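Student: Starting from these lines, generate the structure:
(one chain, ligands or ions: 1)
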Amino acid sequence: MHVAHLSLQDFRSYATAEIALAPGVTVFVGPNGQGKTNLVEAIGYVAAHASHRVATDAPLIRQGAPRAIVRAGVVREDRRALIELEINPGKSNRARLNRSPVPRPREILGMLRTVLFAPEDLALVKGDPGERRRFLDELLTARAPRFAGVRADYDRVLKQRNALLKSAAAHRRAPGPEVLATLDVWDSHLARTGAELLAARLGLVADLGPLVAKAYSALAPSSGAASLGYRSSLGERLPAGPERAGRDELAPLMEEALREARKQELERGVSLVGPHRDELVLQLGEMPARGYASHGESWSFALALRLAAFELLRADGDDPVLILDDVFAELDTGRRRRLAELVAPAEQVLITAAVPEDVPAELSGASFTVEDGEVKRER
Ligand SMILES: Nc1ncnc2c1ncn2[C@@H]1O[C@H](COP(=O)(O)OP(=O)(O)OP(=O)(O)O)[C@@H](O)[C@H]1O
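Tutor: Next comes the predicted model:
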């Protein structure tokens with residue numbers, strides 16, 4: 001698929017912008033702070049309904065404006081769709097598809113698929129486990145948009161359960177039968193949605209592992225082998241061949257683990273079992289990447305995770321749009337060239353760079369300059 005047209009209204013630094021795009025490589029070049037990333041961030045937002053840079057939507061609205069609107073014309077196997085998202089801080093976003101309102105924005109997730117590489121990706125390797133869980137859940141949603149609902153249900157149940165545990169912990173005495181009965185109900189909700197999320201993540205990690213290993217060895221052939229593991233809060237309860245376990249098999253195991261952890265949970269006032277406590281383990285040779293890998297190795301691992309995500313989505317039958325935001329400046333010549341070779345065949349590659357020399361020659365294509373809020377086509 002590719003984005004044929006991007007239109008912005010009050011998004012970040014842009015009062016308005018209209019940009020026609022084509023398949024193949026497009027490079028946005030310009031000095032720092034001119035609005036290059038803002039453009040690709042808008043495209044990423046249409047795909048994921050979230051920014052790759054900020055956790056809340058408020059910074060996406062142009063200073064002083066009441067809301068932002070992003071429109072993307074998407075072409076998928078010769079079919080065109082116009083996706084529109086209105087970003088309303090503090091209220092729910094609104095979505096339109098081909099100019100008709102959609103009841104919930106979530107329903108148009110998956111209409112545009114992107115894989116975005118950015119300097120922030122280093123946090124996938126060096127950051128907290130939450131970064132890696134988010135990577136997995138975003139990829140699950142890109143593959144099967146209904147997981148946005150599963151994740152939202154899980155978060156809602158977790159929040160309510162935590163509130164109950166917190167208030168029980170605050171009272172510092174044994175909780176009454178009513179609290180325990182309510183907790184039983186939350187346990188079974190948490191186990192059911194949690195098991196669905198866990199089953200999907202385990203399957204995803206199994207699919208992703210070989211692709212990450214392949215991408216890493218292509219990017220950094222002289223370094224050790226990259227592999228993935230998944231550490232679940234179910235620990236030893238996980239069945240053998242966990243990637244084949246389904247929700248119905250995992251839910252009772254999670255309920256059992258919750259029962260066992262209950263005393264501790266009541267003392268600490270937090271949920272200690274469930275996919276929100278799990279960890280995607282990145283391994284380089286015999287060592288964990290986090291804390292051991294060099295800066296360059298960490299970068300290669302982060303890129304390998306994104307490339308693997310690209311391969312996985314592409315295997316579903318359609319290339320996602322590849323976005324490379326300011327990544328070449330971070331890489332040495334060899335890695336630049338190898339990354340360029342790996343991404344060049346994609347249907348559409350959008351690149352931002354401060355200077356054209358940062359972009360390897362293998363990735364020639366259309367070019368825009370971005371300066372003083374103006375986006376101008378150069379070739
Ligand atoms: N909500 C907003 N309202 C107005 N301007 C904003 C808003 N958010 C960001 N900006 C401005 O957008 C500019 C940053 O744009 P962007 O991050 O796209 O830069 P860039 O061209 O990618 O730069 P670099 O090469 O440094 O990464 C900054 O000048 C910033 O002040």
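Student: what's around the closest residue to residue 125 other than its chain neighbours, how many residues?
Tutor: Excluding the flanking residues, the one nearest residue 125 by Cβ to Cβ, 6 or more residues apart in numbering is residue 298, at 4.2 Å. Heads up, the C-betas are built off the backbone N, CA and C, glycines and all. If you count neighbours by other Cβ atoms under 10 Å, residue 298 ends up with 21.
Student: same check, this time on residue 223
Tutor: Neighbours of residue 223 (other Cβ under 10 Å): 17.
Student: In which helix or strand does the residue nearest to residue 125 reside?
Tutor: Using DSSP states H and E, residue 298 sits in helix 295-315.
Student: quick one on the thing from earlier: would you check how far apart the residue nearest to residue 125 and the ligand are?
Tutor: 20 Å (Cβ to the nearest ligand atom, to the nearest Å).
Student: for the protein, longest helix please?
Tutor: The longest helix of the chain (DSSP state H) is helix 177-219.
Student: Please compute how far that one lies from its chain's middle.
Tutor: Relative to its chain's centre, helix 177-219 lies at 15 Å (Cα atoms, centre = their mean, to the nearest Å).
Student: go on, stretch 292-305?
Tutor: 17 Å.
Student: Repeat that for stretch 112-124.
Tutor: With Cα atoms, centre = their mean, you get 7 Å for stretch 112-124.
Student: wait, does it make contact with the ligand?
Tutor: No: Stretch 112-124 lies out of reach of the ligand by Cβ under 6 Å from any ligand atom, never closer than 8.2 Å.
Student: distance between the ends of that stretch?
Tutor: This stretch, stretch 112-124, spans 23 Å end to end (Cα to Cα, to the nearest Å).
Student: List the buried residues of that stretch.
Tutor: By neighbour count with 16 or more other Cβ atoms under 10 Å, stretch 112-124 contains the buried residues 112-118, 120-124.
Student: If I look at residue 18, what pLDDT would I see?
Tutor: If you check residue 18, the pLDDT there is 96.
Student: ok, it to the ligand distance?
Tutor: Residue 18 sits 17 Å away from the ligand, going by Cβ to the nearest ligand atom.
Student: so how many other residues sit close to the nearest residue to that residue once chain neighbours are set aside?
Tutor: Of all residues not flanking residue 18 in the chain, residue 7 sits nearest, at 5.3 Å (Cβ to Cβ, 6+ apart). Residues lying near residue 7 (other Cβ under 10 Å) number 19.
Student: residue boundaries of the strands in the stretch 51-200 of the chain?
Tutor: Counting by DSSP state E, counting those that start in this stretch, the stretch 51-200 of the chain has strands at residues 68-76, 79-87, 94-97, 100-102, 114-117.
Student: Export the helix holding residue 298 to CSV, keeping only CA atoms.
Tutor: The C-alpha coordinates for helix 295-315 follow below in CSV (Å, rounded to 0.1, in the frame of the first residue of the first chain):
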residue,chain,number,x,y,z
HIS,A,295,25.3,1.6,21.3
GLY,A,296,25.7,0.4,17.8
GLU,A,297,24.5,-3.1,18.6
SER,A,298,21.5,-1.7,20.4
TRP,A,299,20.7,0.4,17.3
SER,A,300,21.0,-2.7,15.0
PHE,A,301,18.7,-4.6,17.3
ALA,A,302,16.1,-1.9,17.3
LEU,A,303,16.3,-1.7,13.5
ALA,A,304,16.0,-5.5,13.3
LEU,A,305,12.8,-5.4,15.4
ARG,A,306,11.3,-2.9,13.0
LEU,A,307,12.5,-4.8,9.9
ALA,A,308,11.0,-8.0,11.3
ALA,A,309,7.7,-6.2,11.9
PHE,A,310,7.8,-5.0,8.3
GLU,A,311,8.4,-8.6,7.0
LEU,A,312,5.6,-10.0,9.2
LEU,A,313,3.1,-7.4,8.0
ARG,A,314,4.2,-7.8,4.4
ALA,A,315,3.7,-11.6,4.7
